[in-house]
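Colleague: The following comprises the amino acid sequence and a computationally predicted model.
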Amino acid sequence: MSTHHLPEHPDFLWRNPEPKSSYDAVIVGGGGHGLATAYFLAKNHGMTNIAVLEKGWLAGGNMARNTTIIRSNYLWDESAAIYEHALKLWEILPEELEYDFLFSQRGVMNLAHTLGDVRESMRRVGANKLNGVDAEWLDPQQVKELCPILNINDNIRYPVMGATYQPRAGIAKHDHVAWAFARKCDELGVDIIQNCEVTGFLKDGNRVVGVKTNQGTIHTEKVGLCAAGHSSVLAEMAGFRLPIQSHPLQALVSELHEPVHPTVVMSNHVHVYVSQAHKGELVMGAGVDSYNGYGQRGSFHVIEHQMAAAVELFPIFARAHVLRTWGGIVDTTLDASPIVGTTPVENMFVNCGWGTGGFKGTPAAGMTFAHTIATGAPHKLNRPFALERFETGALIDEHGAAAVAH
Amino acid sequence: MLLISCPNCGSRDETEFHYGGQAHVPYPENPNELNDREWAEFLFYRDNTNGTFAERWLHSTGCRQWFNMLRDTVTYDIQAVYPMGTPRPASAFPAAAESGTASTAADSTTIGTASPSTSATSTSAPEGATK
């Protein structure tokens, strides 16, 4: 679906109500995951007396700070299942939400630069195919055909030895995704409350019964945490711990250019990922800063590394100017997989730990988390991502396997 | 970009260092007695402090010595640098104006030789536990 005109100004897409004194469920965090959760609670489970609380402005956290890449070429069965479900939802959501958020299935290439990369990539292509995820192996010449500006000469430090390719992958316009969900949530009766910071929780024994906020106390039967980088801060308020470490992750864009970059290119080994936004900016990201941080800014040497990699791979970028850089706070787990499910506190649920890759998972995170909140039990797609896996040892170790280093 | 004051080498760029995560997390004294929950706590659960955080750093391209540091995870101000094996400073120190660092290491030459204590009695980190 493409309407070829810009959506309405966001001020008019949802109400800005005062919080009521009680709701059937409260979602903490008004980013993509929180809004998607509220949407699926309303649509799939008929829960419309619910609120989404956002401490800042709607979708102004990581939802406004990512590189908008959507793909499902994960190695392990559990990850492939949830990310592929997300991709299938991305494919139908513009129509379902009646809002064009410019989902563009321009394909994603993950480059291989060493023999180890090549073997690992081919293994992932095989695993993807077995899981029903579209995947191909491309030789350097095929890489060049898909993205002519890529340098495939073998005289650079890490020459392109091939790539995996997922044709159905792509990008979407992240802020419009949030507005699309928010608009539909609002239509379904969900209260979206901005500038509402959670300061504590009300508990009856071990059961959560309310949320304390800077706009007053809200009583509720269920609480869903969707606060990404700040999830462990909320968990601490509620009296439990999460195996999460929050790190700054940066991205940057260039000035606008004519269309030169027809797909999405990612490289784990030299670590840069590049796409061209609809308006024409080159959008780039790389790895997280090594240290813990909540400051929404990162280290300059990370940008230096990603730019060095980008210029070697795309020589024509050498004269592009950086327009702006920014940072988000990502919540990393030690197996680089999310945590979606129940918590040690009764009626409190958590969706976090998506690390550097939460945007692509937005619809599936929302759909499965809504199921968990509504029924109190995991959906089959999020069951493997329970908090208990850190005790049972049933980890889903996507470190390096998921086509990008975390 | 952090400017980190190595106790042995002085102020150096962050790129010379490796991050070692939370400080003062002792190895379990009686590992055979730990249940799965306690092992999970030791292996996977670390504080994720929003504010002053005690953490370990390695000056990997300099003296190759580990040291501890108090750093604010919101402002990234470095409040104290202190040797492995010594307790966490009781309170946060104001950041030094020039380097962003206030070193509290009294005798920096001993830092690499402080032997880690194994006397901690639980898997939770008591104040002053080593590493």
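Modeller: Yep, that arrived. Numbering: from 1, shown residues only, chains lettered A, B, ... in the order given.
Colleague: what secondary structure does A:P148 sit in?
Modeller: Assigned with DSSP: H, G, I helix; E, B strand; the rest coil, A:P148 falls in the coil class.
Colleague: count of residues packed around it?
Modeller: 11 (other C-beta atoms under 10 Å in any protein chain shown). (C-beta placed from N, C-alpha, C; glycine too.)
Colleague: Got the confidence number for it?
Modeller: Per-residue confidence (pLDDT) for A:P148: 97.
Colleague: do the same with B:A97
Modeller: Per the predicted model, pLDDT is 39 at B:A97.
Colleague: Any regions of chain B where pLDDT drops low?
Modeller: Low-confidence segments of chain B (pLDDT under 70): B:91-131.
Colleague: For it, list the residues in contact with chain A, please.
Modeller: B:1-2, B:13-15, B:18-19, B:21, B:36-37, B:39-41, B:43-46, B:48-50, B:53, B:55, B:71, B:73-76 (C-beta under 8 Å from any C-beta of the partner chain).
Colleague: one more time with 6 Å
Modeller: Counting by C-beta under 6 Å from any C-beta of the partner chain, chain B comes close to chain A at B:1, B:14-15, B:19, B:36-37, B:40, B:44-45, B:48, B:50, B:73-74, B:76.
Colleague: Could you list every helix and strand that the top helix by length along chain A packs against?
Modeller: Using DSSP state H to define each element, chain A has its longest helix at helix A:77-96. Counting contacts by 3 or more C-beta pairs under 6 Å, 6 or more residues apart in numbering or on different chains; DSSP states H and E, helix A:77-96 packs against helix A:358-375.
Colleague: export the helix it packs on as PDB, just CAs?
Modeller: Taking Å, rounded to 0.1, in the frame of the first residue of the first chain, the C-alpha atoms of helix A:358-375 are listed here in PDB:
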ATOM      1  CA  GLY A 358      14.300  -4.200  18.800                       C
ATOM      2  CA  PHE A 359      12.800  -2.200  16.000                       C
ATOM      3  CA  LYS A 360      12.500  -5.200  13.600                       C
ATOM      4  CA  GLY A 361      10.800  -7.200  16.300                       C
ATOM      5  CA  THR A 362       8.200  -4.600  17.100                       C
ATOM      6  CA  PRO A 363       5.000  -6.300  15.800                       C
ATOM      7  CA  ALA A 364       5.800  -9.700  17.100                       C
ATOM      8  CA  ALA A 365       7.000  -8.400  20.400                       C
ATOM      9  CA  GLY A 366       3.700  -6.500  20.800                       C
ATOM     10  CA  MET A 367       1.600  -9.500  19.600                       C
ATOM     11  CA  THR A 368       3.200 -12.100  21.900                       C
ATOM     12  CA  PHE A 369       3.500  -9.700  24.900                       C
ATOM     13  CA  ALA A 370      -0.100  -8.800  24.600                       C
ATOM     14  CA  HIS A 371      -1.000 -12.500  24.600                       C
ATOM     15  CA  THR A 372       1.100 -13.000  27.800                       C
ATOM     16  CA  ILE A 373      -0.400 -10.000  29.500                       C
ATOM     17  CA  ALA A 374      -4.000 -10.900  28.600                       C
ATOM     18  CA  THR A 375      -3.700 -14.600  29.400                       C
END
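Colleague: tell me which strands and helices that helix is in contact with?
Modeller: helix A:32-45, helix A:77-96, strand A:348-352.
Colleague: Is there proximity between the following helix or strand past it and chain B?
Modeller: Where DSSP states H and E defines the elements, the next helix or strand beyond helix A:358-375 is helix A:389-392. Yes - using C-beta under 6 Å from any C-beta, we find that helix A:389-392 touches chain B at A:F390, A:E391.
Colleague: Great, nothing more from me.
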